[in-house]
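S.K.: coordinates for the following, if possible.
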Amino acid sequence: MYVPSAFRQNDLAQLHAQMQASGLAVLTSAGSQGLLASHLPLVLEPGEGEYGTLYGHFARANPHWRDLADGTETLVVFAGPDAYVTPTWYPAKAEHGKVVPTWNYIAVHAWGQAEVFDDPERLLQVVSRLSGRHEAGRPQPWAVSDAPREYLDSMLRAIVGFALPIRRLEGKWKLGQNRSVADQAGVREGLAASANPRDRELAERMSLID
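M.R.: Residues are numbered from 1 along each chain as shown. So this is what the prediction gives:
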């Protein structure tokens, strides 16, 4: 990922927070089957290893897991809020007109080599953590233990799990840091007034720029 210094995010806590806030990650690899991408919910264990460890699973019918089993390096992309930025929000437009559109966004990239497994108990732990994470806060949260064990066993046989220790982590917070204070304020106000909730979320994130 191309990351100019103004947009680079190195704070591990913020990187982890963004990864955990992203509901669905994109896991990519370039192995014997060519370039592959799978959209997967993942669980991050921040305390495991230098940058944390990611856990998830594939459908056994998905051939992508075989590349991971072969030791192919994996890139996982976590997308945060993003928004189109119109030049009309820049006070600089009225001053000299030398402005063009851009796109502001937040993204985290994680690299590593995965360990693939199909042990039923380890798989059960992964799916339990995944469902627990996304059921949390619901009035009547569903738990894996709510399903009959024989049914669970059949479902577990249909998936393959993986643990991905993160070897490299990169974050890009492209939030207009290269613009003037006045232009940044104009973009924040424009995004905050949008009907799109992702625009408003990005406006909030821009307000946290140091």
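S.K.: regarding this protein, what is its longest helix?
M.R.: helix 120-135 (DSSP state H).
S.K.: the following helix or strand past it: which residues count as buried?
M.R.: Past helix 120-135, further along toward the C-terminus, the next helix or strand under DSSP states H and E is helix 149-156. Of the residues in helix 149-156, those buried by neighbour count under the rule 16 or more other C-beta atoms under 10 Å are L152, L156. Where C-beta positions appear, they are placed from N, C-alpha and C, glycine not excepted.
S.K.: still on that earlier bit, ok now the longest helix of the chain, how far from the chain's centre?
M.R.: Distance, stretch centre to chain centre, for helix 120-135: 19 Å (C-alpha atoms, centre = their mean, to the nearest Å).
S.K.: give me the average confidence score over that helix.
M.R.: Computed over helix 120-135, the mean pLDDT rounds to 94.
S.K.: that one packs against which elements?
M.R.: Secondary-structure packing of helix 120-135 (3 or more C-beta pairs under 8 Å, 6 or more residues apart in numbering; DSSP states H and E): strand 43-45, strand 53-59, helix 149-156, strand 159-165.
S.K.: out of the ones you listed, the one nearest E73 is which?
M.R.: Between E73 and these, the shortest separation by C-beta to C-beta is 10.4 Å, and it involves strand 159-165.
S.K.: picking that back up, closest to P87 out of the helices and strands packed on helix 120-135?
M.R.: Nearest to P87 among the helices and strands packed on helix 120-135 is strand 43-45; the distance by C-beta to C-beta comes to 37.3 Å.
S.K.: now the helices for this protein?
M.R.: For the chain, the helices defined by DSSP H occupy 12-21, 64-69, 91-95, 120-135, 149-156, 181-192, 197-206.
S.K.: now render these as JSON lines, adding distance to H57.
M.R.: Below are the helices of the chain laid out as JSON lines (distance: least, C-beta to C-beta, whole Å):
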{"stretch": "helix 12-21", "distance to H57": "17"}
{"stretch": "helix 64-69", "distance to H57": "8"}
{"stretch": "helix 91-95", "distance to H57": "49"}
{"stretch": "helix 120-135", "distance to H57": "6"}
{"stretch": "helix 149-156", "distance to H57": "9"}
{"stretch": "helix 181-192", "distance to H57": "36"}
{"stretch": "helix 197-206", "distance to H57": "28"}
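S.K.: so which of those helices is the most packed in?
M.R.: Of the helices of the chain, the one with the most neighbours on average (mean count of other C-beta atoms under 10 Å) is helix 64-69, at a mean of 20.
S.K.: what does it contact?
M.R.: Outside of helix 64-69, the residues within contact range by C-beta atoms under 8 Å, 6 or more residues apart in numbering are 27, 29, 31-33, 36, 38, 58, 74, 113-114, 116, 160, 162.
S.K.: go through stretch 83-99 and flag the buried ones.
M.R.: For stretch 83-99, burial by neighbour count (16+ other C-beta under 10 Å) applies to A83, V85, W89, Y90, A92, K93, V99.
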